[in-house]
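K.L.:
following is a predicted model, sequence given first.
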Amino acid sequence: MLHTVMCVPLASVRILLLEDSDMDALLIEEELRRADVRYSLRRAQTRVEFEATLLEFHPQIVFADYMLPTFDGAAALSLMQKDYPEIPVIIISGAVGEETAVELLKDGATDFILKSRLFRLEPALRRALREVAEHEALADAQAALSSCNMDLEKRVLDRTLELSQKNAIMEDDLKMAHELQLALLPSRFPTIPRGCPLEKSAVRICSHYRSTHLVGGDCFNVLQVSDSALSVLIFDVMGHGVRAALVTAMLRALEEQLGEKAEDPALLLTEMNKALCHIFKGTDDVVFASACCLTVDVERGTVTFANAGHPTPFLVHHALNSVEPLRSLAKDRGPALGIFEEAAYTNHTQALATDDLILLFTDGLFEVENDKEELFNESLLLETVAHHTDLEPEGLLHAVVADVERFTGGSAFSDDVCVVGVHIAHLPSNAA
């Protein structure tokens, strides 16, 4: 059954609401009225009603309840991304888990709102309206362009020249930003004992980094936290380009500011998450980053690590020619940074042996496809690393990246790639 409600029809925004609860629908409408939104709303409860309303009503925005008996918000989002990618979708639900929320955002949802926090509907709607306006402006510009006369064509050409000049300036700025971002990556690494020559260090670092654009969202850093311990932080900001690069710079600055907490990975991630949530609290945009932090202590012979929605690092046992993920419970992997201000992160500790290699990486290393649209996943990555356990650390990194490139048929990576190797060259005889 379809329900139609009209409020100030002139110049109103068309909203399609996927909701099976009359009470929740009334609460959503009440929030729209409280926000003084002019709107025309149609409600659907099934897939058939939803698709029919899309064709007849031509909505500008979709509100979708995540949990419906036969056609839920995730299915509606998938349909919209396939057939109507230009229409923003806001997921509204009574209960959404942290991992589910992140997946919804990755899958294209403009935002998600808990029904217990409908006061967030107004800023979320404002963001959606902005997207609608951008899409409509683009459509208007294309229509105007198709009917322009010779005079307008000349003006377009003049404008094109102007934009070309500005783009050249922007390209120069991006090249400088690229150089500055590379400067954020460590070129020299601390040694253990402190200040000893690299070839005598108990822990040695190697890395591989590439971005799909001039600037990207992957980064890592290495800090010395004591005479016997190093801290390694790797993170991956959502998206690409300048926006991701700006957030990357912010996270590096936060790490520098909170450097004294690096000895405790869970505490460092907790403080960085709080700071990132606070910075973006006043904005309508959703910004998040996955991260993994670990501390290697050669005196104790252990690695302690915490995870914020990031791929689990691998532990290569060169002496045994074997590899395994660092052991932790899946439920203890915390959410990505910047989503839930009160998120808690958990430390895990694992014993190390001489000649072990810890491999940290971002998802750009394995989220690739070949020409048959087959996905290279974490399991295949683990198998690939296992084939090269006889190589020295830097050679292993290059061999793994080369194998992934061969899988894609030589195609460029679609996402930024960052890989860091932490080699335990030797441990003291009294290490635990």
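P.N.:
Everything's here; your move.

K.L.:
all strands of the stretch 251-400 of the chain, in order?
P.N.:
In the stretch 251-400 of the chain, the segments counted as strands under DSSP state E, counting those that start in this stretch are 289-297, 302-308, 314-317, 322-325, 348-351, 356-361, 368-369, 375-376.

K.L.:
ok, the fifth one: who's next to it in the sheet?
P.N.:
Next to strand 348-351 in the sheet, as set by DSSP bridges, lie strand 302-308 (antiparallel).

K.L.:
now do the strand it pairs with and strand 356-361, the angle between them.
P.N.:
Put simply, strand 302-308 runs at 10 degrees to strand 356-361, going by axes from the mean of the first three to the mean of the last three CA atoms, to 10 degrees.

K.L.:
distance from strand 302-308 to the middle of the chain?
P.N.:
With CA atoms, centre = their mean, to the nearest Å as the basis, strand 302-308 stands 20 Å off its chain's centre.

K.L.:
equivalent analysis for stretch 77-89, please.
P.N.:
For stretch 77-89, the distance from its own C-alpha centre to the chain's C-alpha centre is 20 Å (CA atoms, centre = their mean).

K.L.:
show the end-to-end separation of that stretch, please.
P.N.:
Terminal residues of stretch 77-89 lie 7 Å apart, using CA to CA, to the nearest Å.

K.L.:
one more: stretch 72-91?
P.N.:
Start-to-end span of stretch 72-91 (CA to CA) is 10 Å.

K.L.:
list the contacts of it.
P.N.:
Residues from elsewhere that reach stretch 72-91 (CB atoms under 8 Å, 6 or more residues apart in numbering): 18, 47, 50-51, 54, 59-67, 92-93, 104, 107-113, 121, 124-125, 127-128, 131-132, 135. Just so you know, the C-beta spots here come from the backbone N, C-alpha and C atoms, and that holds for glycine as well.

K.L.:
CSV for the strands of the stretch 251-400 of the chain, including mean pLDDT and mean neighbour count?
P.N.:
CSV is the format used below for the strands of the stretch 251-400 of the chain (pLDDT from 0 to 100; neighbours: other CB atoms under 10 Å):
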stretch, mean pLDDT, mean neighbour count
strand 289-297, 95, 26
strand 302-308, 95, 24
strand 314-317, 96, 20
strand 322-325, 95, 15
strand 348-351, 94, 15
strand 356-361, 97, 24
strand 368-369, 90, 18
strand 375-376, 90, 14
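
K.L.:
so can I have CSV of those showing distance to residue 417?
P.N.:
Listed next are those as CSV, based on distance: least, CB to CB, whole Å:
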stretch, distance to residue 417
strand 289-297, 14
strand 302-308, 19
strand 314-317, 15
strand 322-325, 19
strand 348-351, 25
strand 356-361, 8
strand 368-369, 9
strand 375-376, 12
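
K.L.:
report the buried members of the contacts of stretch 72-91.
P.N.:
18, 47, 50, 54, 59-66, 92-93, 104, 109-113, 121, 124-125, 127-128, 132 (16 or more other CB atoms under 10 Å).

K.L.:
how about the nearest residue to residue 197, chain neighbours excluded?
P.N.:
Of all residues not flanking residue 197 in the chain, residue 191 sits nearest, at 7.3 Å (CB to CB, 6 or more residues apart in numbering).

K.L.:
pLDDT at that neighbour, what is it?
P.N.:
Note on residue 191: pLDDT of 94.

K.L.:
ok, now residue 182?
P.N.:
61.

K.L.:
can you check the one 3 residues further on too?
P.N.:
If you check residue 185, the pLDDT there is 78.

K.L.:
ok, it - contacts?
P.N.:
Residues in contact with residue 185 (CB under 8 Å, 6+ apart) are 207, 209, 219, 220, 221.
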